[in-house]
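Asker: with the input below, show me the fold.
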Amino acid sequence: MLSWAVTFLVIGLIAGVLGVSGVAGTATHIAYVLFVVFLILAAIGMVMGKRPPVA
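Answerer: Down below sits the predicted model:
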């Protein structure tokens, strides 16, 4: 998921340089959402991974 966020961020930056503001804004927003979802899932994974095994 982090790789998709980076991909959309690069697309947004390239579109911004080329002056396509609609595509740049959309791609940047998608990158932001994917990054936030990645952070939430990573935090949940860290918390759930540290629990002792249930016997």
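
Asker: contacts, neighbours, all on C-alpha from now
Answerer: OK.

Asker: what segments of the chain are helices?
Answerer: 2-18, 21-49 (DSSP state H).

Asker: once you drop chain neighbours, what's closest to residue 35?
Answerer: Counting by Cα to Cα, 6 or more residues apart in numbering, residue 5 is the residue found nearest to residue 35 once chain neighbours are left out, at 5.7 Å.

Asker: and stretch 8-26, what's buried?
Answerer: Neighbour counts over stretch 8-26 (16 or more other Cα atoms under 10 Å) mark 8, 9, 10, 11, 12, 13, 15, 16, 23, 24, 25 as buried.

Asker: just checking the distance from it to the centre of its chain.
Answerer: Put simply, stretch 8-26 sits 16 Å off its chain's centre (Cα atoms, centre = their mean, to the nearest Å).

Asker: alpha carbons of it, as CSV, please.
Answerer: Coordinates of each C-alpha in stretch 8-26 appear next as CSV, following Å, rounded to 0.1, in the frame of the first residue of the first chain:
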residue,chain,number,x,y,z
PHE,A,8,0.3,8.4,-6.8
LEU,A,9,2.5,11.0,-5.2
VAL,A,10,4.9,10.9,-8.1
ILE,A,11,2.1,11.0,-10.6
GLY,A,12,0.7,14.1,-8.7
LEU,A,13,4.1,15.8,-8.7
ILE,A,14,4.6,15.2,-12.4
ALA,A,15,1.1,16.4,-13.2
GLY,A,16,1.7,19.5,-11.1
VAL,A,17,4.9,20.3,-12.9
LEU,A,18,3.1,19.8,-16.3
GLY,A,19,0.3,22.1,-15.2
VAL,A,20,-2.5,19.6,-15.0
SER,A,21,-3.9,20.7,-11.7
GLY,A,22,-7.0,18.5,-11.6
VAL,A,23,-5.0,15.3,-12.0
ALA,A,24,-2.3,16.6,-9.7
GLY,A,25,-4.9,17.3,-6.9
THR,A,26,-6.7,14.0,-7.3
